Every structure is written in C-alpha cells, then in structure tokens.
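[1] Fold the following for me, if possible:
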Amino acid sequence: MKNTKKKVLVGALVVSLAAIISMGTIAWFSASDKVENKFQIASSKDDPNATFSIDVWEEFPNPADPNNPIREDGGHEYDNVMPGDELDKDVFVKNTGMSDQYVRVTVTVTEGVAWRAMLGITSGVPDLTSIVRGLNTTDFTVASTSYDSNADAFVYTLYANDILKPTDDKKQIFTDVKVPDNVTKEIAASFDGNFNVNVVADAVQTANLGDGLSGWQAAAAAFNTVENS
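    Prediction:
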C-alpha cells in the first residue's frame with residue numbers, strides 16, 4: 001500500500017495592540033487592544049481523526065476572582081496610558097488539535113523608526129525584551145529578528161523549544177508591552193497615529209518532519225520543509 005506523507009500547516013492570529021500617541025504639553029498615550037482569534041482545522045483524508053489546530057489568546061486579571069483570569073477574545077481598551085506604563089498583554093498558545101505539533105510564533109511591532117527613537121537607538125532591531133516583558137524563554141526561543149522597511153516594522157520569529165502535545169497545558173509567550181519611560185513630544189510626533197503589536201501562531205505536524213533535530217531547531221526545520229515543498 002502506498003505510503004502518502006501529508007504535511008499540515010495551520011495558523012492562528014491574535015493580539016493586536018494599538019497605541020495612539022497624542023501630543024500636548026506632556027506626551028501621553030492612549031491605547032486600545034482588539035483580539036481576533038482565527039484558526040484553521042485541517043484533517044487528513046485518510047485519517048479523519050488527524051486534526052491539527054492552534055489557538056492563541058490573552059488573559060487579564062479578574063478583580064472578582066484572582067484565580068480565574070478573564071479571557072479576552074473581543075478586545076480590551078486602555079485609556080490615558082502614560083510613558084513608563086506596562087500594558088497587560090498576557091498571551092498564551094495551546095495545541096487544540098489531536099496530534100503533536102511544532103509551533104512558531106511571529107511577533108510584529110509596527111512604527112519601528114519611532115520605537116528606535118523611544119529606545120534611544122539609531123538602527124537595527126531592538127531586543128524583543130526591550131518592548132515586551134515576561135518573555136517566556138523557557139518554552140520559546142527567539143530564532144530570528146528582522147526589520148521590514150516597507151511596513152516600518154520589527155519582526156521577531158520564535159519557536160517552541162519542545163513539541164506541543166494535545167495534553168499539554170497552555171504556554172505563555174509574554175506578559176506585558178512596556179511603554180518606554182522617556183518619551184518626548186518630538187518622539188510622539190514621529191508616530192503615524194498608532195503602533196501595533198501583533199502575534200501570529202502557526203503549527204505544523206511533527207510526524208515525518210524535523211527528523212534528526214531537537215528543540216526549536218527541529219521546529220524551524222519542519223516549517224522550512226513544509227513551506228518550501
């Protein structure tokens with residue numbers, strides 16, 4: 001019987017944090033956050049139970065029940081955010097399918113030129129930890145960084161260090177977006193109205209992929225195989 005190998009790639013999009021910069025006597029920030037979860041399910045024709053899907057979302061503290069955080073799927077708004085504030089952005093990813101998966105997370109931060117000015121650098125891509133807090137380096141590795149000059153955006157590619165199994169708990173990616181302390185009126189003026197922090201999660205099956213490698217290198221090789229086959 002012919003052995004047909006199938007490769008399945010699914011994706012989920014979440015977390016669009018929009019921060020609006022206003023100018024006045026003192027530069028200040030107003031931010032709104034819209035969360036939109038999208039995930040695709042792909043099933044093998046030969047095995048209808050071989051379902052692959054990935055989900056990403058964010059959670060916020062629940063004042064009424066600290067042990068039961070609020071899951072945000074419809075959006076969260078911030079008002080009168082000041083320079084130096086840390087904006088809650090507790091982002092999680094989970095394997096919601098039935099098979100083991102490699103996971104890739106892409107974090108895109110727009111308004112790169114203005115971010116450089118806020119961070120006091122003139123070129124290059126800042127470390128992701130200078131923009132977000134609580135980055136989970138135990139479960140994820142930042143494998144590459146780049147600057148998209150057309151979009152004026154920093155792009156960070158992370159891979160899960162271990163295979164995500166359907167039985168695994170959710171994995172936290174990071175906890176906050178940090179607004180730099182020193183933001184002048186001139187820096188605020190350099191923003192094109194707002195900035196966005198977007199998080200996209202992708203998953204691919206582990207079967208027949210990533211052979212001979214381990215950790216995030218296996219995940220990177222698996223995605224490379226699927227996207228170039």
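[2] Surely A222 is in a helix?
    Yes. According to DSSP: H, G, I helix; E, B strand; the rest coil, A222 belongs to a helix.
[3] Give me the most central residue, this structure.
    V199 (2.8 Å; CA atoms, centre = their mean).
[4] What does the pLDDT read for that residue?
    Reading off the confidence values, V199 has pLDDT 86.
[5] With N49 instead?
    46.
[6] cool, A220 as well?
    For A220, pLDDT reads 95.
[7] Report the contact partners of it.
    Residues counted as contacts of A220 (CB atoms under 8 Å, 6 or more residues apart in numbering) are 104, 143, 159. Where you see a C-beta, it was placed from the backbone N, CA and C, and this is true even at glycine.
[8] Skipping its backbone neighbours, what lies nearest the last one in space?
    The one in question is Y159. W216 (3.7 Å; CB to CB, 6 or more residues apart in numbering).
[9] and the one you found, helix, strand or coil?
    Assignment for W216 (three-state DSSP): helix.
[10] give the contact list for it.
    By CB under 8 Å, 6+ apart, the residues touching W216 are 140-141, 143, 159-161.
[11] and with 10 Å instead?
    Residues near W216 by CB atoms under 10 Å, 6 or more residues apart in numbering: 102-104, 139-143, 158-162.
[12] Just the buried residues of those residues.
    102-104, 139-142, 158-162 (16 or more other CB atoms under 10 Å).
[13] gap between the closest residue to F60 other than its chain neighbours and T206?
    Of all residues not flanking F60 in the chain, I70 sits nearest, at 4.8 Å (CB to CB, 6+ apart). Counting by CB to CB, to the nearest Å, the separation of I70 from T206 is 32 Å.
[14] higher neighbour count, those two?
    T206 (18 against 13; other CB atoms under 10 Å).
[15] And the more buried one, how close does it get to S214?
    11 Å.
[16] Would you mind grabbing the residues shared as contacts by those two?
    I163.
[17] For the residue nearest to F60, give me phi and psi.
    phi -90, psi 130 (degrees, to the nearest 10).
[18] cool, W57 as well?
    Dihedral angles (degrees, to the nearest 10) for W57: phi -160, psi 180.
[19] In this structure it contacts K171, no?
    No. Taking contacts as CB atoms under 10 Å, W57 lies outside contact range of K171: 11.7 Å.
[20] Between the two ends of stretch 173-184, how far is it?
    Distance across stretch 173-184, first residue to last, is 30 Å (CA to CA, to the nearest Å).
[21] Mind listing what's buried along that stretch?
    For stretch 173-184, by 16+ other CB under 10 Å, it's 173-180, 183.
[22] Equivalent analysis for stretch 140-159, please.
    So, applying 16+ other CB under 10 Å, buried residues of stretch 140-159: 140-142, 147, 152-159.
[23] Now, those that are in strands?
    140-142, 147, 153-159 (DSSP state E).
[24] now the angle between strand 153-160 and the helix or strand hosting F92, please.
    Secondary structure from DSSP states H and E places F92 in strand 86-95. The directions of strand 86-95 and strand 153-160 differ by 40 degrees, with axes from the mean of the first three to the mean of the last three CA atoms, to 10 degrees as the criterion.
[25] Tell me which residues of strand 86-95 come out buried.
    87-95.
[26] Output the contacts of A220 as a markdown table; include the columns pLDDT and distance to I131.
    As requested, these are arranged in a markdown table below (pLDDT from 0 to 100; distance: CB to CB, whole Å):
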| residue | pLDDT | distance to I131 |
| --- | --- | --- |
| R104 | 91 | 19 |
| A143 | 98 | 17 |
| Y159 | 97 | 19 |
